[in-house]
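J.: Need a 3D model of the following:
(2 chains)
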Amino acid sequence: MSALDIVLFYFFGTVALGSALVVVGQRNPTYSAFSLIVTLASLSAIFGLLGSPFIAVLQVVVYAGAIMVLFVFVLMLLNVREEQRQDGSSPAFKATALGLGAVLAVQLIVVLLRATREGPAWAQGFDASARKVAEVLFSTQYLYVFEATSILIVSALVGALALARGGMGPVAPPPAAAPALTAAPPAPEAPAPVEAAH
Amino acid sequence: MTPLQQELLIALVKVLVIFHALLGLFSLMTYLERRTLAFMQFRLGPNRVGPMGLFQPIADGIKLFFKEEMMPAGASRWLFVAAPAVAVITAFLSMAVVPWGGPVHLAGREISLQIADLDVGILYMFAITSLGVYGIVLAGWSSNNKYTLMGGLRSSAQMFSYGLALGLSWVGVIMLASSFRISDIVASQQGGFWNWNFFPTRQLLGFLVYVIAATAEVNRTPFDLAEAETELVAGFHTEYSSMRFALIQMAEYVNMITVCAVGASVFFGGWLAPLPVLQSAFGVDLGLLWFLAKLACGLFFFVWLRGTLPRVRYDQLMHFGWKVLVPVAMLNIVGTAAVIAFFS
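T.: Residues are numbered from 1 along each chain as shown, chains lettered A, B, ... in the order given. Below is the predicted model:
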């Protein structure tokens, strides 16, 4: 890594940590969501600096560009301005939080120790190009796991739809059945209630 | 100078030139769009400032500079200021991977007319376009106004839905070029216009999906629901004035230029001439001119659409995006993959 890369690495690292702290500390959920987007974008820049542009781009496409859009969309739809304070200070809650925090800390220490012993991955000729990722992902080693994951996602999607429509009972007639040019039928997608209220 | 310093200097010069070229193109486009629309509607359009009204953008700029900057009561101060910046930055960032011409030989070294020839160029493009939605969403949400919120909501749903189709429309082209690199995609279309990706023997379906999805992605007619003035005042930028308003306009025009430039590179052979003999004249490579000509055609097409089509309704937009455009794009991918697998 050149000196320029190192300066950029520390810059994006600082931004990522700072915005991650804002995500946790901020009371307003919309600010939290936008800080999380900044965190993800800085992480993506760090991936790019470490020589894996493919992962960097995926980080933005999948997390910052797709998942966070849905988060922000829902927050805007509900128009949440201030966090609803849950009574989160029960002893059981605190114990769980401490336990999970400890697990995370141990994981971080193990990774840090391994990194100091073996040296950084980019120095060992680590290859995360699109071709390499595809070769590993679609090899017989991971192919079935990969396909199983996609089936899992589809079933989650179907489950979410079933829940949103109120069980497996008869569904309302599809809006496409109405003539196209009469009164606007509500769109089947999420924004339907807003449009109706509007 | 060390080689690293030389590289940095070249990159800096390229960034500055392309940035200012885009600024110039943006102001020219505001004028050309108004003039062309006026002629389509049997009007004259702006023709008072300078010869044929050519200095109109400068007058507009001066006017916007001296307007009062307003911020609504109850707006989120930081996000309200950040929104136009986010919109403009994402708009300009995506231009970094567009090749404006073939490699140029200058003082014994080869210089490509592209800021960054990324290995994952077209995915980078996709990533930055998917970030572009936040400028609009932030502007809509932070203004504390129901019309802007509605505009922001609409456009986030729209850009998310059509962004998917936009990404899928490139997959066939990526498979044909077997590379994500935009310069490789341009190179894979060499040999004449019948090898360009829009041609029916190549990726016509992908191209059609791209045109529709790109129009929706940059919020242009007939998909300009984010700023439907008959129902939402001016949509997500209702509360913006002065230079912040100008920044939002700039982001919209630069985005339009970007999708035209990408369309030209990916589907119309980029800087390649329609016939190989026309690629250079008197030993000078004409790549930049061919690219600019294709860009101009694309931009005219967008203005033409605006002068021709009415706005679609919101439910039609969602229905078409998810139930027609995405399946067609998927079909194109499967078909292209089948043809490639069969013939190779």
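J.: And the closest residue to residue B:55 other than its chain neighbours, how far from chain A?
T.: Leaving aside its sequence neighbours, residue B:55 sits nearest to residue B:49 (Cβ to Cβ, 6 or more residues apart in numbering or on different chains; 4.4 Å). For every residue, glycine as well, the C-beta is placed using N, CA and C. Counting by Cβ to the nearest Cβ, to the nearest Å, the gap from residue B:49 to chain A is 40 Å.
J.: so residue B:49, which of the three states?
T.: Assigned with DSSP: H, G, I helix; E, B strand; the rest coil, residue B:49 falls in the coil class.
J.: Now for it: which residues touch it?
T.: B:55-56, B:58-59 (Cβ atoms under 8 Å, 6 or more residues apart in numbering or on different chains).
J.: which one of the residues you listed sits closest to chain A?
T.: Taking Cβ to the nearest Cβ as the measure, chain A lies nearest residue B:58 of those, at 35.1 Å.
J.: Next, count neighbours for residue 59.
T.: Defaulting to chain A. Residue A:59: 22 surrounding residues under other Cβ atoms under 10 Å in any protein chain shown.
J.: wait, I meant chain B there
T.: For residue B:59, the neighbour count with other Cβ under 10 Å is 14.
J.: Likewise for residue A:91?
T.: Residue A:91 has 7 nearby residues by other Cβ under 10 Å.
J.: Same check on residue A:41?
T.: 23.
J.: Please report how far it lies from residue B:277.
T.: The gap separating residue A:41 from residue B:277 is 46 Å, by Cβ to Cβ, to the nearest Å.
J.: Any quick ChimeraX command for the buried ones out of the contacts of residue B:49?
T.: In ChimeraX, a selection of the buried entries from those looks like this (16 or more other Cβ atoms under 10 Å in any protein chain shown):
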select /B:56
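J.: Find the residue closest to residue B:246 in space, skipping its chain neighbours.
T.: Leaving aside its chain neighbours, residue B:246 sits nearest to residue B:64 (4.6 Å; criterion: Cβ to Cβ, 6+ apart).
J.: Sticking with the one you found, tell me its helix or strand.
T.: According to DSSP states H and E, residue B:64 maps onto helix B:56-65.
J.: which residues are in contact with that helix?
T.: Applying Cβ under 8 Å, 6+ apart, the contact partners of helix B:56-65 are B:27-28, B:30-31, B:34, B:46, B:48-50, B:242-243, B:245-246.
J.: Please apply the same query to stretch B:213-220.
T.: Contacts of stretch B:213-220 with the rest of the structure, by Cβ under 8 Å, 6+ apart, involve B:129, B:132, B:136, B:155, B:158-159, B:161-163, B:165-166, B:169, B:221-223, B:225-227, B:252, B:255-256, B:259, B:262-263, B:302, B:305-306, B:317, B:321, B:325, B:329.
J.: rerun at 6 Å
T.: Contacts of stretch B:213-220 with the rest of the structure, by Cβ atoms under 6 Å, 6 or more residues apart in numbering or on different chains, involve B:158-159, B:162, B:165-166, B:223, B:226, B:255-256, B:259, B:302.
J.: now stretch B:132-140: how far from the chain's centre is it?
T.: The chain centroid and the centroid of stretch B:132-140 are separated by 16 Å, computed with Cα atoms, centre = their mean, to the nearest Å.
J.: Can you name the residues that contact the closest residue to chain A within chain B?
T.: Here chain B gets closest to chain A at one residue, residue B:130, 2.8 Å apart by Cβ to the nearest Cβ. Residues near residue B:130 by Cβ under 6 Å, 6+ apart: A:61, A:65, B:163.
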